[in-house]
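Chemist: pasting the structure only:
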Ligand SMILES: C[S@@+](CC[C@H](N)C(=O)[O-])C[C@H]1O[C@@H](n2cnc3c(N)ncnc32)[C@H](O)[C@@H]1O
């Protein structure tokens, strides 16, 4: 995930209590319990309504509240700090996404996980820490520099023995893993690399992941660009097309969650 991620976390950390109180008021006046109709009427106006539950606008104050109630280990926090000074820091998953990924890994009692897009290691540590002893996470990335940072933090987090590096083009790595382990051999796959290859990664993971296993995809809301039809850059088009495909793919049960830059969660049927 992107620029938004890191800067938003930093802004939220700076948000004061008084700011939080100030931003809460308008929502309370607008909410269903207060008899407000802002969400419902907005839905009716643009033809998608009724919105019986108005969507939540996550301003900095509310985001700070969310972070305050998010579990994050000291090691992950330190990694977030160090990464914030690096090029591409906006690519790191947000803390609340890390916590959700960990929960998903734990829920399916994952023994074998593949991550496509590791960067400095935040999501890999979140997931590997949630695996029981003997679990293995295959971390795929093509950037040796960011692997060097990830390696240090895998050690600090005590998960080095659960992580196998796959350094190189992830399109090649998924084929190698398929040859090595066979179909239905993974419990969880997480896609967070080059957006234009999402469909290719998704199809590979549908082979690798077992029925009942999860395929989780990041950046599906792509800074909100997916909903702006005036934007037609290649990455936005690719994600839009990918989302439309997954939404009607009967091979998976599926939900799209507006957390971070948007996560899609698929359970292979
Ligand atoms: C969004 S970042 C991953 C962030 C990571 N999940 C985290 O929590 O910090 C995307 C990563 O994908 C890697 N990447 C992009 N295209 C790739 C490819 N074709 N093969 C392997 N890695 C790739 C980049 O080097 C980058 O580190």
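Modeler: Right, received. Where do you want to start? Every value quoted in this text rests on a predicted model; they were computed, and no experiment measured them.
Chemist: CA only for contacts and neighbour counts going forward, please
Modeler: Noted.
Chemist: where does this protein come near the ligand, residue by residue?
Modeler: Taking Cα under 6 Å from any ligand atom as the test, the list of the chain residues beside the ligand reads 1, 91-93, 117-123, 140-143, 168-170, 192-194.
Chemist: Show the buried residues in these.
Modeler: 1, 91-93, 117-123, 140-142, 170, 192-193 (16 or more other Cα atoms under 10 Å).
Chemist: Please flag which of these sit within strands.
Modeler: 140-141 (DSSP state E).
Chemist: next one: the helix or strand residue 106 falls within to chain centre, how far?
Modeler: Assigning secondary structure by DSSP states H and E places residue 106 in helix 95-107. Centre-to-centre, helix 95-107 and its host chain are 9 Å apart (Cα atoms, centre = their mean, to the nearest Å).
Chemist: buried set for that helix?
Modeler: For helix 95-107, burial by neighbour count (16+ other Cα under 10 Å) applies to 95-106.
Chemist: ok, of these, which one's closest to the ligand?
Modeler: Nearest to the ligand out of the buried residues of helix 95-107 is residue 98 (Cα to the nearest ligand atom; 7.6 Å).
Chemist: Go ahead and confirm that closest one touches residue 128.
Modeler: No - Residue 98 is beyond contact range of residue 128, at 10.8 Å (criterion: Cα atoms under 8 Å).
Chemist: just checking, residue 110 touches residue 185?
Modeler: No - if you go by Cα under 8 Å, residue 110 and residue 185 don't touch, sitting 10.7 Å apart.
Chemist: tell me what whatever helix or strand residue 128 lives in is packed against?
Modeler: Residue 128 is part of helix 122-129, with elements assigned from DSSP H and E. Applying 3 or more Cα pairs under 8 Å, 6 or more residues apart in numbering; DSSP states H and E, we find helix 122-129 packed against helix 74-84, helix 95-107, strand 136-141, helix 144-157.
Chemist: one more time with 10 Å
Modeler: Using 3 or more Cα pairs under 10 Å, 6 or more residues apart in numbering; DSSP states H and E, the elements in contact with helix 122-129 are helix 74-84, helix 95-107, strand 112-116, strand 136-141, helix 144-157, strand 163-167, strand 186-191.
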